[in-house]
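Engineer: Give me a 3D structure for the following:
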Amino acid sequence: MIYPVLLILHLFAALMFIGTVFFEVLILESVRKHVPAEAMGLIERGIGRRARQLMPWVLLVLFGAGIGMLWLRYLPALAAPLASPFNTLLTLKVMLAASVLGHFFSAMWLFSSKRMTGRYLRIIHLSLFCHMVGIVLLAKGMFYLSW
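Structural biologist: All right, here's what the predicted structure looks like:
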């Protein structure tokens, strides 16, 4: 019974995190060209403040549920990462997820040390966007790809 609950928590947290990254990369960046710089600064600060309040909790649920699912069902697959296509793709997915967590901690450190710039933020968002696309493709591929 606990696995389905973890799966649903994981999926909803992934939707929130991926949706936020997609919004910032695909929508917010293109809006920048059509909005005055002062207004865009206010928009970005407002979104950033809310994201910094919400995302730690979203990531806690996302990674907590993901680790729980690994522990309950997939730990043997990580022990033999090359034994099957599923194991290999799961291992790659976990590695990308660990990198996402590293991005998050790096961003939080940059914010707390007052070193975050617009350039760093765009680079982090673009990298997270690429990671998210990879994770989604791997998550689906684990159940449908074979070689």
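Engineer: Quick check: the most far-flung residue of the chain relative to its centre vs Ile43, distance?
Structural biologist: Relative to the mean C-alpha coordinate of the chain, counting by CA atoms, centre = their mean, the farthest residue is Pro36 (29.5 Å). Using CB to CB, to the nearest Å, we find Pro36 at a distance of 10 Å from Ile43. Where you see a C-beta, it was placed from the backbone N, CA and C, and this is true even at glycine.
Engineer: and what of Gly66?
Structural biologist: According to CB to CB, Gly66 and Ile43 sit 31 Å apart.
Engineer: And these two? Which one has more around it.
Structural biologist: Neighbours per residue (other CB atoms under 10 Å) separate Gly66 from Ile43, with Gly66 holding more: 20 against 14.
Engineer: what about that one, helix or strand, and which?
Structural biologist: If you go by DSSP states H and E, Gly66 is part of helix 37-69.
Engineer: That helix: how far from the chain's middle?
Structural biologist: 10 Å (CA atoms, centre = their mean, to the nearest Å).
Engineer: For that helix, which residues meet the burial criterion?
Structural biologist: Across helix 37-69, burial judged by 16 or more other CB atoms under 10 Å covers Glu44, Ala51, Met55, Val58, Leu59, Val61, Leu62, Phe63, Ala65, Gly66, Gly68, Met69.
Engineer: swap in stretch 69-84?
Structural biologist: So, applying 16+ other CB under 10 Å, buried residues of stretch 69-84: Met69, Leu70, Tyr74, Ala77.
Engineer: quick one: least confident helix or strand in the protein?
Structural biologist: helix 29-31 (a mean of 90; mean pLDDT, DSSP states H and E).
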